[in-house]
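Visitor: Dropping a prediction and its sequence here:
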Amino acid sequence: MIKVVILGGGYGGIYALRQLVKNHNIKITLVDKNTFHNLQPEVYDLIANKSNIADVTIDLTTLCYGLRHDYLEFKNTRAEDIDFDKQTVHTSEKESIAYDYLIIATGSRTRFPKNLNNLKYTNDLKKLNRALYFKQNFETQLLKKITDEAKKCDNTHIVVVGAGLSGVEITAEMAYNSRKFFKRGKFACEDMKISLVTSGDSILPGFSSKMITASHRRLKSLGINIISNTKLQNTDDDYLYLSNGKKILYSFVIFAGGIESANLTLKLDLEKNHKGQVIVDEYLRIPKYQNIFVVGDAGEFKNIKGETMTENVILAKTTGILAAKNILSLLANKKMQKSNPKFKGTLIALGGKYAVCDIYGIFQIEGFMAYLIKKYVFLRYRWPLLKYIKIGYKIFYNR
Ligand SMILES: Cc1cc2nc3c(=O)[nH]c(=O)nc-3n(C[C@H](O)[C@H](O)[C@H](O)COP(=O)(O)OP(=O)(O)OC[C@H]3O[C@@H](n4cnc5c(N)ncnc54)[C@H](O)[C@@H]3O)c2cc1C
């Protein structure tokens, strides 16, 4: 039986899996170092206490049961290396998993500049345990503030470094929530400062000017201090040292300064771009190993104009689906489809029930309506998965 292995059960891996299970005569193995799929774009609701861990994760064991495929197996282990000649994946459990076709969907990680290594283990939103730590840290700051208020009303200064999508979204959510907190409690000491540091001229580099202007306006209305054209150069336990010569006494800092490919792909000897993302051909295959496909944040993808696409859920979805379809086409001796990712829009959550969205670069909406659109889009992703895990849960407990 043909063996297809998927490394990574995130957005790209799961979309690929949902296609592959349509063929009941192949053996599919999903490998993930976590037991769950982390719904990263929904982590803000977790931080803002609007949801809990169960709402921002999909259990991979029950998902695989729910997909009802006789030869589908989930392995909760870390892929450590790939032996391309022997067509085998080596795992942290010292297991070797053989494949005929492989889909690499291991995503990305936050890229920490080498001199900022001390931030690495604390404030990385891509990891669920770190997002939880961050949530607790934020709440501790709020408590500290009101505990100290009778004696002193010190400045609490939270700093977010990096003003891409995740930096902007987390800053807005924190500002919105701290305001709501102080307003609700009528506390005497409200002085909580939130700064957003960006090396660019503006926030959200690469986004349309309308999206930048609308987001900037919202951040300002939430009282956020935006420091542009400035890099974080160094840190110690108390201060952040900026390239504009200033230093900030900080309470805690969150680093959202960009991404790079995950560990596995970083170490593989393949052609990659400056972020360590694997270069693929028009069918999403590694040129040197034509039975290996790369999807989602792990790869670099270009549209037909040759422009590199930004990493996001829609790109992970379209590449995941296409890679799986191409494998199924190869198995059926059919022609594969070429990749042609398209820009479908952007949705940016900006604290509370407020968002801005850009649909196909044609319509821009901001406010509550945009928030509802964003909620709907992400719910539409989750609904079918919730259905599968519900079925899978029943099967699992009736085995
Ligand atoms: C805080 C935050 C907010 C975001 N907001 C948005 C948004 O609003 N809209 C949007 O479109 N995008 C958003 N993104 C980006 C989006 O989440 C990513 O583009 C998307 O998750 C990429 O999907 P993926 O499948 O490539 O990787 P992931 O979803 O990261 O999945 C990778 C999977 O591989 C597993 N893995 C990694 N290495 C190994 C290994 N060696 N062995 C086994 N398993 C491994 C991981 O455990 C993970 O499950 C956000 C990202 C973050 C961090």
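Guide: Received the coordinates, thanks.
Visitor: Enumerate every residue touching the closest residue to the ligand within the chain.
Guide: Residue nearest to the ligand within the chain: Gly10 (1.7 Å; Cβ to the nearest ligand atom). Where you see a C-beta, it was placed from the backbone N, CA and C, and this is true even at glycine. Counting by Cβ atoms under 8 Å, 6 or more residues apart in numbering, Gly10 touches 32, 37-38, 105, 107, 296, 316.
Visitor: Tell me which of those fall in helices.
Guide: Ala316 (DSSP state H).
Visitor: List, out of the contacts of Gly10, those positioned next to the ligand.
Guide: Contacts with the ligand within those, as defined by Cβ under 6 Å from any ligand atom: 32, 37, 105, 107, 296, 316.
Visitor: Show me which residues of the stretch 151-300 of the chain sit near the ligand.
Guide: Looking at the ligand, the residues of the stretch 151-300 of the chain close enough under Cβ under 6 Å from any ligand atom are 165-166, 262-264, 296-298.
Visitor: Which of those residues ranks first by neighbour count?
Guide: Gly296 (32 neighbours; other Cβ atoms under 10 Å).
Visitor: Please report how far the residue nearest to it when sequence neighbours are not counted lies from Leu268.
Guide: Spatial nearest neighbour of Gly296, excluding adjacent residues (Cβ to Cβ, 6 or more residues apart in numbering): Gly12 at 2.9 Å. Per Cβ to Cβ, to the nearest Å, Gly12 is found 17 Å from Leu268.
Visitor: higher neighbour count, the two?
Guide: The neighbour count for Gly12 versus Leu268, taken as other Cβ under 10 Å, is higher for Gly12 (32 against 17).
Visitor: Quickly list the domain ranges of the protein.
Guide: 3-33+77-110+259-343, 114-198+217-255 (automatic domain parsing).
Visitor: Of these, which is nearest Thr61?
Guide: Smallest distance to Thr61 across the domains of the chain (Cβ to Cβ): 9.9 Å, for domain 3-33+77-110+259-343.
Visitor: what's the spacing between the closest one and its chain's center?
Guide: Distance of domain 3-33+77-110+259-343 from the chain centroid (Cα atoms, centre = their mean, to the nearest Å) equals 16 Å.
Visitor: residue boundaries of the helices in the stretch 251-399 of the chain?
Guide: Remark: helices assigned in the stretch 251-399 of the chain by DSSP state H, counting those that start in this stretch are 263-267, 313-331, 368-397.
Visitor: Give the rounded mean pLDDT of the last one.
Guide: Helix 368-397 shows a mean pLDDT of 94.
Visitor: does any bit of that helix sit next to the ligand?
Guide: No - using Cβ under 6 Å from any ligand atom, we find that helix 368-397 stays clear of the ligand, coming within 7.5 Å at best.
Visitor: Could you give me the buried positions within that helix?
Guide: 370-371, 373-375, 377-378, 381, 385, 388-389, 391-393 (16 or more other Cβ atoms under 10 Å).
Visitor: name the helices or strands packed onto it?
Guide: Contact here means 3 or more Cβ pairs under 8 Å, 6 or more residues apart in numbering; DSSP states H and E; on that basis helix 368-397 packs against strand 57-59, helix 60-66, strand 345-349, strand 355-359.
Visitor: Would you mind putting the ones you listed into TSV with mean neighbour count and distance to Leu328 alongside?
Guide: Shown next, in TSV, are those (neighbours: other Cβ atoms under 10 Å; distance: least, Cβ to Cβ, whole Å):
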stretch	mean neighbour count	distance to Leu328
strand 57-59	19	23
helix 60-66	22	18
strand 345-349	22	28
strand 355-359	22	31
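Visitor: Export those as CSV, with columns for distance to Val159 and mean pLDDT.
Guide: Listed next are the helices and strands packed on helix 368-397 as CSV, based on distance: least, Cβ to Cβ, whole Å; pLDDT from 0 to 100:
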stretch, distance to Val159, mean pLDDT
strand 57-59, 28, 96
helix 60-66, 35, 97
strand 345-349, 20, 90
strand 355-359, 23, 92
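Visitor: Could you export these as JSON lines, including distance to Leu204?
Guide: As requested, these are exported to JSON lines (distance: least, Cβ to Cβ, whole Å):
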{"stretch": "strand 57-59", "distance to Leu204": "28"}
{"stretch": "helix 60-66", "distance to Leu204": "32"}
{"stretch": "strand 345-349", "distance to Leu204": "8"}
{"stretch": "strand 355-359", "distance to Leu204": "10"}
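Visitor: show me the contacts for Gly245.
Guide: Per Cβ under 8 Å, 6+ apart, neighbours of Gly245: none.
Visitor: what are the pairing partners of the helix or strand encompassing Ile82, and which direction each?
Guide: Assessed by DSSP states H and E, Ile82 sits inside strand 79-83. Sheet pairing of strand 79-83 (DSSP bridges) gives strand 88-91 (antiparallel).
Visitor: What are the contacting residues of the strand it pairs with?
Guide: 5, 7, 31, 75, 77-83, 96-99, 102.
Visitor: For the stretch 51-200 of the chain, give me the ranges with low pLDDT.
Guide: 117-124, 148-154, 190-191 (pLDDT under 70).
Visitor: As JSON lines, the domains of the chain with distance to Ala355 would be great.
Guide: Output for the domains of the chain, formatted as JSON lines (distance: least, Cβ to Cβ, whole Å):
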{"stretch": "domain 3-33+77-110+259-343", "distance to Ala355": "15"}
{"stretch": "domain 114-198+217-255", "distance to Ala355": "9"}
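Visitor: Please work out which of those domains is packed deepest.
Guide: Per residue and on average, the most neighbours among these fall to domain 3-33+77-110+259-343, with a mean of 20 (mean count of other Cβ atoms under 10 Å).
Visitor: Spatially, which residue comes closest to the residue nearest the centre of the chain, not counting chain neighbours?
Guide: Residue closest to the average C-alpha location in the chain (Cα atoms, centre = their mean): Gln40, at 4.5 Å. Distances taken as Cβ to Cβ, 6+ apart put Lys126 closest to Gln40, at 6.4 Å, once the chain neighbours are dropped.
Visitor: cool, Asn115 as well?
Guide: Using Cβ to Cβ, 6+ apart, the nearest residue to Asn115 is Asn234, at 6.0 Å.
Visitor: Perfect, I'm done here.
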